[in-house]
Every structure is written in structure tokens, then in C-alpha cells.
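[1] Fold the following, please.
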Amino acid sequence: MKSTLILRIAVAIVLIMHSVPGMFNNGVNDFGNFYLNTIGFAPFGVAIAWLIKLSHLATAILFLGNKYIKPASIVTIFILILGIIMVHFKEGWFVVGGGRNGVEFNFLLICVLLAIMFPDGFINNVKE
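    You can find the predicted model right below:
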């Protein structure tokens, strides 16, 4: 099996930086109250927001420990796809430059998570 160490560390850093600051600057609560609750998740918006951020943090820890990579990736990919559907798709492709808050970052992160989950590709040991 090929090593995914560099990708796992990179994803862990991204997930930590996407989660931890919001836990201390009220960003998680704001996302729950001012977004999730307003689009129909009330009164559970804040709890859902915290579950999302805690799942990112758990995934980062698991990636650094090289444990439960596939389940952690699946949960994170699910969250990223929901983020694309609910938030980013209407903003277009670009995160910056040609647009703002688009899908490109989530798309790239999903592809990296798939590469971590399947370092030898989706089809293993195919003989010609």
C-alpha cells in the first residue's frame, strides 16, 4: 500500500484550521443560529453545527493516527457534499478569483479524501 502520510497531514491541518477557530470565536454557534436554523434546522442548528465541526476535528485526529481512515473519510465526504448542495453550488465553481465561496475547495478535498481512502485506486490488483 502506498503511503498517504503527506495527504493525511495536509487534510488534518485543513480540517483543524476549519474547525478549531470557530469553536472559540463563536463561528460554530453563528453558523448554527444564523444559517442552519434559518433554513429549516431550528431548533437543532447549533447542535448540528457543533457535530459537523467536532466530526472534522475527530477526522483530523484519526488521520494523524492513521486509524479508521475510511469511515472518517466517508463522514467528511458526506458533510462536504451537503456543503456543496446547501451552500457552495449557488456560488459557482470558484472559491476566490472568478467568484466567491464556490465548490472548488470542497471538490478538491473530496478527491483528496478518496485518494487517501483508495491509495492504490478503486480497482485493486487487476491483471491484464
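[2] Could you report the pLDDT at V126?
    Here the pLDDT value assigned to V126 is 51.
[3] Just the buried positions in stretch 83-98, please.
    By neighbour count on 16 or more other CB atoms under 10 Å, the buried set for stretch 83-98 is 83-84, 87-88, 95. The way it works is simple: take the backbone N, C-alpha and C, and place the C-beta from them, glycine included.
[4] Oh, that last question was meant for stretch 21-28, not what I typed.
    Buried positions in stretch 21-28, judged by neighbour count with 16+ other CB under 10 Å: 22, 27-28.
[5] now swap in stretch 58-68 and tell me
    58-60, 62-63.
[6] need the helices for this structure, in chain order.
    5-24, 27-31, 45-65, 69-83, 104-117 (DSSP state H).
[7] May I see those helices arranged in a markdown table, with mean pLDDT and distance to T38 as well?
    What follows is the helices of the chain, written out as a markdown table (pLDDT from 0 to 100; distance: least, CB to CB, whole Å):
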| stretch | mean pLDDT | distance to T38 |
| --- | --- | --- |
| helix 5-24 | 97 | 18 |
| helix 27-31 | 97 | 11 |
| helix 45-65 | 98 | 8 |
| helix 69-83 | 98 | 16 |
| helix 104-117 | 97 | 21 |
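[8] Format those as a markdown table; extra columns: distance to I123.
    A markdown table is the format used below for the helices of the chain (distance: least, CB to CB, whole Å):
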| stretch | distance to I123 |
| --- | --- |
| helix 5-24 | 20 |
| helix 27-31 | 39 |
| helix 45-65 | 24 |
| helix 69-83 | 16 |
| helix 104-117 | 13 |
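[9] Thanks a lot, see you next time.
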